[in-house]
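Colleague: from the sequence below, what's the structure:
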Amino acid sequence: MGEIQALRGTRDILPEEVGYWQKVEATARDILLKAAYREIRTPIFEQTELFERGIGEATDVVGKEMYTFRDRGDRSITLRPEGTAGVVRSLIEHSLYTQGGVQRLWYTGPMFRYERPQAGRQRQFHQLGVEVLGSADPRADVEVIVIATHILQSLGLKNLHLDINSVGNLEDRNAYRQALVDYLTPYKDELDPDSQERLSRNPLRILDSKDKRTQEIAQNAPSILDHLGTYSRQHFDKVQQLLTNLGISYQLNPRLVRGLDYYTHTAFEIQSDDLGAQATVCGGGRYDGLVAQLGGPETPAVGWAIGLERLILLLQKLQEPALPSMDFYIVSRGDAAEAQALVLAQQLRQAGFSVDLDLSGSAFKKQFARADRSGAIACLILGDEEAANHTVKLKWMASKEQSAISQAELLANIEELRSQLSRGWERGARGDRR
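Modeller: Predicted coordinates for the structure are as follows:
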């Protein structure tokens, strides 16, 4: 019988990598909390109709990429391919719009699309997203862009650039759609097969094609910016002015349409020059008609999602020094020492310290080697002598300095110990190793 492995397009996030994920989650949570965003958690699977109506049946996501199945009640169920539709469904189902004011929400979790796996793109992937529901003000568009930029920069990312566009409202897009079809029809036989199909169903998506020849043809296509109505133009002008006021550089990209049908007005992407072909780290925009389209009241909204797999790839390329995983690594050998080490580990954990207790029972040399690899700030050592005297040896991993102290004294001076650990971490971060 063969070895059972993870399915193609899925991957294990191993302990060595999890620290990057935790750093992203902690950074985002702190920034979003300070900006008055509240976390929402929606189901991983929903009725298929939600995504067909919300995302659009003519999109690649609905037409080709969704994981859809019938459950035992013969209902059509889909693993969520994105987060916005579920948030909007929850807003409507629980009447969150009746609470008054603007709803600022954020979420994170796994999404599912049947795509060709590659670096930074999996069939089970993870997103961090925000949604601002209840405001048509251009300031909401800019606020979400600013927050995304703040999160990425706080994580140490550089070489980022912002592309923005306006896809207008329904009337603007209908006018532009005809102009685009008129331009592309003479080139129909030169377009890639997917774009030939989109010409009648969803011609704006042709602008997002990755086919080289199609891109060359689309380069001279009419611009949607020339087909915006008065309101759409004023809204987009205000967005650009506010970004300028905040010192956020951007470039206009009239080919930027995003992949989902619910977008209106502002569309944007934040890209990294360090990611190669899959350059987009964050994408989003305004979707003023989606809430009403799914059965709720007319509710303007704007949001974005960050692809966490791509973001983690960037962080790993930066090789940011990881925070130490542990305050203490405890080494012990001998029955009495091992028993005391277990008690000491639990007392230190209850005092708020992170502690790794070596349970191997192997020779001190092997335990010390694991202590070196652990990333701990200090090592506590108990042998027969320490057990008999109820002492412990305290070894600072950065400087290799070592001293003996009674276990009672160690536990009686928690604040001093905390201060010593902080100084020990700073020495280690500077590389002050002898």
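Colleague: so this structure: which segments form each domain?
Modeller: Residue ranges for the domains of the chain, per automatic domain parsing: 15-169+229-318, 328-430.
Colleague: looking at these, which is closest to Glu197?
Modeller: Of all those, domain 15-169+229-318 sits nearest to Glu197, with 9.3 Å by CB to CB. Backbone N, C-alpha and C define where each C-beta goes, glycine included.
Colleague: would you mind listing the buried residues in stretch 21-30?
Modeller: Buried residues in stretch 21-30, counted by 16 or more other CB atoms under 10 Å: Trp21, Lys23, Val24, Thr27, Ala28, Arg29.
Colleague: ok so, going back, now the weakest link among the domains of the chain, please, by mean pLDDT.
Modeller: When these are compared on average pLDDT, domain 328-430 comes out lowest at a mean of 89.
Colleague: closest to Gly375 among the buried residues of stretch 21-30?
Modeller: Compare each of these with Gly375 using CB to CB and the shortest gap goes to Lys23, at 14.1 Å.
Colleague: got a list of contacts for the lengthiest helix in the chain?
Modeller: Counting by DSSP state H, the longest helix found in the chain is helix 15-34. Defining contact as CB atoms under 8 Å, 6 or more residues apart in numbering, one finds that helix 15-34 is touched by 13, 39, 106, 108, 128, 130, 147, 150-151, 154-155, 308, 311-312, 315-316, 320, 322-323, 325.
Colleague: likewise for stretch 377-392?
Modeller: Residues outside stretch 377-392 that contact it (CB under 8 Å, 6+ apart) are 324, 326-334, 336-341, 344, 364, 368, 371, 393-398, 404-408, 410, 420-421, 424-425, 428.
Colleague: mark which of those are part of helices, please.
Modeller: Counting by DSSP H, the members of the contacts of stretch 377-392 that fall within helices are 336-341, 344, 364, 368, 371, 407-408, 410, 420-421, 424-425, 428.
Colleague: want to try JSON lines for the domains of the chain, with distance to Arg213 as columns?
Modeller: Supplementary listing: the domains of the chain in JSON lines, determined by distance: least, CB to CB, whole Å:
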{"stretch": "domain 15-169+229-318", "distance to Arg213": "15"}
{"stretch": "domain 328-430", "distance to Arg213": "51"}
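Colleague: out of the ones you listed, flag the one nearest Pro203.
Modeller: Taking CB to CB, domain 15-169+229-318 is the member of those nearest to Pro203, at 10.0 Å.
Colleague: would you list the phi and psi of Gln124?
Modeller: Phi and psi for Gln124, reported as degrees, to the nearest 10, are phi -110, psi 120.
Colleague: in contact with the residue lying closest to it once chain neighbours are set aside, which residues are there?
Modeller: Leaving out its chain neighbours, the residue that sits closest to Gln124 by CB to CB, 6 or more residues apart in numbering is Thr10, at 4.7 Å. Residues in contact with Thr10 (CB under 8 Å, 6+ apart) are Gln122, Arg123, Gln124.
Colleague: tell me the secondary structure of Thr10, please.
Modeller: Classification of Thr10 using DSSP: H, G, I helix; E, B strand; the rest coil returns coil.
Colleague: pull out the buried positions in stretch 5-23.
Modeller: Of the residues in stretch 5-23, those buried by neighbour count under the rule 16+ other CB under 10 Å are Gly9, Tyr20, Trp21, Lys23.
Colleague: can you give me the end-to-end span of it?
Modeller: With CA to CA, to the nearest Å applied, stretch 5-23 spans 28 Å between its terminal residues.
Colleague: ok, stretch 26-43 next?
Modeller: From its first residue to its last, stretch 26-43 covers 22 Å (CA to CA).
Colleague: now it: buried residues?
Modeller: Neighbour counts over stretch 26-43 (16+ other CB under 10 Å) mark Thr27, Ala28, Arg29, Ile31, Leu32, Tyr37, Ile40, Thr42 as buried.
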